[in-house]
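Peer 1: quick one, what's the 3D model for this:
(2 chains)
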Amino acid sequence: MTTEQLHDVRLHVNGSVHEVQVPARRLLSDALRHDCGLTGTHVGCEHGVCGACTVLVDGTPMRSCLMLAVSAVDAEITTVEGLTEDDGTAQGRLSPVQQAFSDCHGLQCGFCTPGFLTTITAGLRETPDPTEDEAREMIAGNLCRCTGYQNIVKSVLRASEIVAERERGEA
Amino acid sequence: MTTKMFGAKVARVEDQRFLRGQGRYVDDLLTDDPRLLHSAVLRSPHAHARIVDIDVSDVLDLEGVIAVWTWDDLTGPMAEPLPLLIPHPTLTHGRTQYALARDEVNYVGEAIAFVVAVDRYVAEDAVSRIRVDYEFLKPVVGIAAARAAANAVHDDVPDNVGARMEQENGDARAAIATAPHTLTLDLDVERSACTPMEGRGTVARWDPDTSRLTVWSSTQTSTGVRGCVAAKLGLDLAKVDVVTPDVGGGFGVKINHPWPEELLVPLAAMTLGRPVKFTEDRREHFISSAHERAQQHHVEVGFDDDGRVLGLNVEFWHDHGAYTPYGLIVPIITSTQLLGPYKPANYRVVFESLYTNTVIVTPYRGAGRPQGCFVMERTMDAISAYLGKDRTEVRATNFIQPDEFPYEHGLVFQDGRELTYDSGDYPASLVKLKELVGWDEFEDFRAEMAAQGRKVGIGLACYVEGTGVGPYEGAHVHIETSGKVKVATGLTTQGQGHQTAFAQIVADTLGVRFEDVEITTGDTRKMPYAVGTFASRAAVMSGSAIHLAALRAKEKALRIAAEALEASEDDLEIADGVVSVRGTDASAGTRIDLGTVAVLSNPLRYAFDEASKAATQFSVGDPGKPPVAEDDEPGLEGKDFYSPPRSTFANGMHAVIVETDPDTAEIKILKYAVVHDCGNLINPMIVEGQIHGGVAQGVGGALYERMAYDESGQLLNASFMDFLMPYATEVPTSIDIDHLETPSPLNPLGIKGAGEAGVIPSAAVFAAAIEDAEGFPIMSMPISPSELFELRLAHADEPHPLTEESA
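Peer 2: A predicted model of the protein is given here:
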C-alpha cells in the first residue's frame, strides 16, 4: 500500500483560476482535461510529437503532454477554449484563426485542430504576414491525419488576412 | 426560391463546436463524474508464448485499484473467443483471440489482464505489478516466414494458411501461354496502419434504476458494437444503448469490433456499479490496434503488340496477422479491385491468407485496393516499357469503354454480389489527367531539368473503387412543430462532414432551410438499424436513405397541407419550410408553415403551449371521423431504408511528377494531379478535402510509413517519433483536382463514395514516377531514400530488366 502525495496547484487558464490537487507526475494535459474540465485540449501521442495537446504558456506554444501540472503554477495558460474573442455573447466571436479554419475547411475530424489553432495563434503574432512557405513552416510540427494540410496552410494565410481586416475594423 | 444545396460548397456546421473546443470525443465524456473509474491493460511483451501462470496477488494492495480481471475471471460468452465478424466459406481456418488471453499469446500487444482503478496512472502502476510466467514459442514474422511454415502460429492451422481463394474468368494460363508477349513481375507492399489522431476509446455506464447499459465508443459501427456487447454480456439488445460521439478519425481501424476493451469496460461497469473508461494510448495503438497492407504478389501477364492484356494470372500472399476477426475482406478486395478500369480478356487470381505473430490486419482506408492498384498499374507500366509505348496509350487500349456499362467482370465482389461496374468514362478521365499534369509536355520539362543537372520522373495510376456496399442504411426524419427538422441515421461519423452533407440533402428534398436541419449519427437509441461507416458508403447509403425518408415526410406534409389549404397536393410546393399553392402570392389561405403542418399531424388531448393548443382534438379534424385514420399515424415523420442491388464504382486517376536527389536519393514531389469521378457531388468542398487527406495518407504509405517488426515480433517503431507520418512539409504543396461526374444509376442521388479514393493509387503512382526518373524498376513499396540509393547501386551497370522478355 502506498499513498501518493498530492500537491495543491493553482492553474491560471483562460483568465480563470483552477485550484486542483494533483500528484507530482500528473501531466498538464491531463490536469487541464480531467481536473479543470477543459477537454478541448486533446492528447494524440503523449510523447510530444503530434502537437494535438499544444497550449499557450505565457503566449508560447507548449506540448501540454510534456509538462507537469505542478510546473505550470505561475504561468498564464491559454487553451482552445480561451481563443474566442469576447463580443458580449455567451459563445464569443471566433478568433481570426478559428474563423479562417471554418472559412477554408481547415479541419475534418477536429481532433488535432485545437493544437493547430493555438500554434498558429502564436505563430501569427511572431509572423503576422506569412508567405505560403512560412505558413507551412508554422504548422510543420503538428500532425493531422485527415486534411492533407492543404486547407490548413490556406487557413494560416486567411487568418493573417482576417487579423488585418479586424484591425482595420472591416470584419 | 430556396437555393439549391446539393452540389454547393456549404461550410461545415460541425466545425463550430470543434473550433471552440466543444467537440465531444469519448475521452471527454463523464470527466466531471467523481464515480468514473479508469482502466489499463496488461499486454503481452512477447510475440508467441504459452502463459504458464499469471500472478495478480500484488495488484489489489495498491491504493486506488478497484479490480483486476484475467481470463480465469471471465464466464459464459465472455470466456469464449471473440466473434469472427465476416465468415467466408474459403476462410477454412478462421481464428480469433479471447477478450483476455487464454493459455497462449500470439502477438506483442495481445491483452492479458484488465485493471480498473481510480485513475489511469494508478491503473498502469497496477499493471506493472502483474507477474506472468511464459513458455516461449517460436514466432512467425512476415510473409516469407509464414510461407516457409517452419513454425506454426496456431498449432491446428497447417502451413499457417487461414484461407485460400481462387477466382477465374476465362482461361488465363492458356491465354498467357499463347500470347505474343509475356512478362512476370514480383511486387511487394509492406505493412502500414490507419493511426488516427484519436486512438480507440470506450466508456460504459450501467444504470441500476433503469437496468440499462450505455456504451460510448470511438467506433465506426455503433450497432455492431451494440450487438456484440449484448451477445457477450448476455443482455437483451433492448437493454444496451451504444452512442458514438465525435470520433477523431477512423480510416478503417475502428470498424473492427468488438475490441477486447469494448467488452471489458461494460463488464467492469456492470460488475462495479460505477462508470468505467478506457482510453488507448499511442503505444497501445501501434501494438494492439489493427494494421494493413502487407502483401506479396506474383504476376504473369500475356499481351499483344498493342499492349492489350490477353491473360492475367496473379498469385498473392496476404499477411493477416495473428487472428482473422474481420475475415477476408482485404485480400478479396485486392483480388477483385486489382482489375481497375481494365478488361483483361482472361483473369485468374488466387491468394493465400497467412497467419503471422503480429498485430491483426483489418481494412485501412483503401482496404486492399492500394495493393491491387499497385499490381495492375506496375503491370501496365511494365508492358509499356517492354513495348516502348507511351504508358497512357497502353492503358487506353485496355480501358472498359463508356458504352460498355454496366460492365460485368464475371467475378464475385467482397459483398458476395457480382463484380459489375455501374458507370464511368475512363477515356474522358485520362484526357483530363494528361491535361492537368502536363503529360505531353513532360519530355521538354525533363530536358530542361536535365540541363540543370536535375533528375525528374512522371507517373500515373488509374483505379476503380467499389463504394457504397450494402446491405442497407436507414434514416428517420422528424419535422417538429417549430418547423425544425431532426434527422437520425445509424451509421457513424469520423470527421467526414456528414452533418453538413446530409443536411444539404434534406434541405433540398424537403424544401427547408439548411439551418433548420439537425443530423444525428451513430446513436442506437435514435436509429437501431444500421451498418457502419466504412468502404466509402456513408453518402451513398445513408445519403440515399435520408433522401427517401425525407420524401416520405414530404409526402405526408403535402397531404395534410392540401387538406388544410383545400388544394390539390399536386399544386403544392415546399420552399424555405413553407408549403404553398404553386403560382400564388403570399396572401393568406395559400400558404402554411411546415411547423403548423406538424401541429395538424398530431391530434392532441392536452394543450401544453400555443402550438399544441391549435392541435387539440377539439381544434382540428372532422368530428365525424376518428382523429387518426386507420391507415395513418400521428406526427410528421418519415422513415425509410436504402438497400442497393450492389456496390457503386467510383474511379479516378492520379499523376505525380517527382524529383530524385542525385546524391541523397531523397524524393521530392513537384506536382500532383487528380481526376476524380464519384458521381454527383453533394459538397465539392468536402469531397476535395477527402481527396487531400487521402493523397497525404498515400504519400505516407508510399514514401514513409512501414511497420518495422524485428524477427522476434517486436515492433521497433511503435511511436510517432519512429513511425513517420507526413507533416505539412512532406505533402504536395498543391494538389490539382478535376472532377468528372458520371452519376450512378444505382441510387436516387446518382452518387458514389469518395472517402478512400485519394489513397488508392499512391504506391503505384510514386513507384511509376520514381522508376521514370531513375530508369530501373520499382517493385516494392514504400521506398525510402536509403532503399532507392541501394537500388541505384544494384542497377548501376544493368540494362532495364523490363526490356528483357521473361522466360
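Peer 1: for chain A, which residue gets nearest to chain B?
Peer 2: residue A:40 (2.1 Å; C-beta to the nearest C-beta). Any C-beta I mention is one placed from the backbone N, CA and C, and that applies to glycine too.
Peer 1: from residue B:110, how far off is that residue?
Peer 2: 34 Å (C-beta to C-beta, to the nearest Å).
Peer 1: what about stretch A:127-144 and chain B, touching?
Peer 2: Yes. Looking at stretch A:127-144 against chain B by C-beta under 8 Å from any C-beta of the partner chain, the contacts come from A:132, A:136-137, A:139-144.
Peer 1: most neighbours among those residues, which one is it?
Peer 2: Counting neighbours by other C-beta atoms under 10 Å in any protein chain shown, the top entry in those is residue A:144, with 32 neighbours.
Peer 1: check what pLDDT the closest residue to that one other than its chain neighbours gets.
Peer 2: Of all residues not flanking residue A:144 in the chain, residue A:112 sits nearest, at 4.7 Å (C-beta to C-beta, 6 or more residues apart in numbering or on different chains). At residue A:112, the model reports a pLDDT of 98.
Peer 1: so residue A:112 sits against residue A:149, correct?
Peer 2: No. Judged on C-beta atoms under 8 Å, residue A:112 makes no contact with residue A:149 at a distance of 10.5 Å.
Peer 1: surely the residue of chain A closest to chain B is in a helix?
Peer 2: No. Applying DSSP: H, G, I helix; E, B strand; the rest coil, one finds residue A:40 to be coil, outside a helix.
Peer 1: torsion angles phi and psi at it?
Peer 2: phi -60, psi -30 (degrees, to the nearest 10).
Peer 1: and what of residue B:51?
Peer 2: Main-chain torsions, residue B:51, degrees, to the nearest 10: phi -90, psi 120.
Peer 1: and it, how far is that from chain A?
Peer 2: 28 Å (C-beta to the nearest C-beta, to the nearest Å).
Peer 1: swap in residue B:245?
Peer 2: Distance of residue B:245 to chain A, given as C-beta to the nearest C-beta: 11 Å.
Peer 1: quick check: longest helix of chain A.
Peer 2: helix A:150-167 (DSSP state H).
Peer 1: list of residues touching that one?
Peer 2: A:96-97, A:99-101, A:103-107, A:116, A:120, A:123-124, A:128-130, A:132, A:135-136, A:138-139, A:144, A:171, B:689, B:692, B:728, B:731, B:734-735 (C-beta atoms under 8 Å, 6 or more residues apart in numbering or on different chains).
Peer 1: and the stretch 201-350 of chain B, which of its residues are near chain A?
Peer 2: So far as C-beta under 8 Å from any C-beta goes, the stretch 201-350 of chain B lies against chain A at B:246-249, B:251, B:281-282.
Peer 1: thinking again about what came up before, need the residues of stretch A:127-144 next to chain B in a markdown table (columns: secondary structure and pLDDT).
Peer 2: As requested, the residues of stretch A:127-144 next to chain B are exported to a markdown table (DSSP: H, G, I helix; E, B strand; the rest coil; pLDDT from 0 to 100):
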| residue | secondary structure | pLDDT |
| --- | --- | --- |
| A:132 | helix | 97 |
| A:136 | helix | 98 |
| A:137 | helix | 97 |
| A:139 | coil | 98 |
| A:140 | coil | 97 |
| A:141 | coil | 97 |
| A:142 | coil | 98 |
| A:143 | coil | 98 |
| A:144 | coil | 98 |
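Peer 1: follow-up on the earlier one: Provide a list of residues in contact with the residue of chain A closest to chain B.
Peer 2: A:79-81, A:114, B:20-23.
Peer 1: rewinding a little: contacting residues for the residue nearest to residue A:144?
Peer 2: A:42, A:44, A:50-52, A:142-146, B:197, B:248.
Peer 1: for these, pick the one with the most neighbours.
Peer 2: Going by other C-beta under 10 Å, residue A:144 tops the contacts of residue A:112 with 32 neighbours.
Peer 1: wait, that residue touches residue B:196, no?
Peer 2: No. Using C-beta under 8 Å, residue A:144 is not in contact with residue B:196, being 10.6 Å away.
Peer 1: count the neighbours of residue B:443 for me.
Peer 2: Residue B:443 has 10 neighbouring residues, counting by other C-beta under 10 Å.
Peer 1: same thing with residue B:797?
Peer 2: 6.
Peer 1: tell me how far residue B:308 lies from residue B:398.
Peer 2: Taken as C-beta to C-beta, the span from residue B:308 to residue B:398 is 6 Å.
Peer 1: between those two, who's got more neighbours?
Peer 2: When residue B:308 and residue B:398 are compared for neighbours, residue B:398 comes out ahead with 24 against 18, by other C-beta under 10 Å.
Peer 1: what lies in contact with stretch B:175-183?
Peer 2: Against stretch B:175-183 from outside (C-beta under 8 Å, 6+ apart): B:299-305, B:310-313, B:345-346, B:379, B:382-383, B:386-387, B:802, B:805-806.
Peer 1: of those, buried ones?
Peer 2: The neighbour-count test (16 or more other C-beta atoms under 10 Å in any protein chain shown) marks B:299-303, B:310-313, B:345-346, B:379, B:382-383, B:386-387, B:802 as buried among the contacts of stretch B:175-183.
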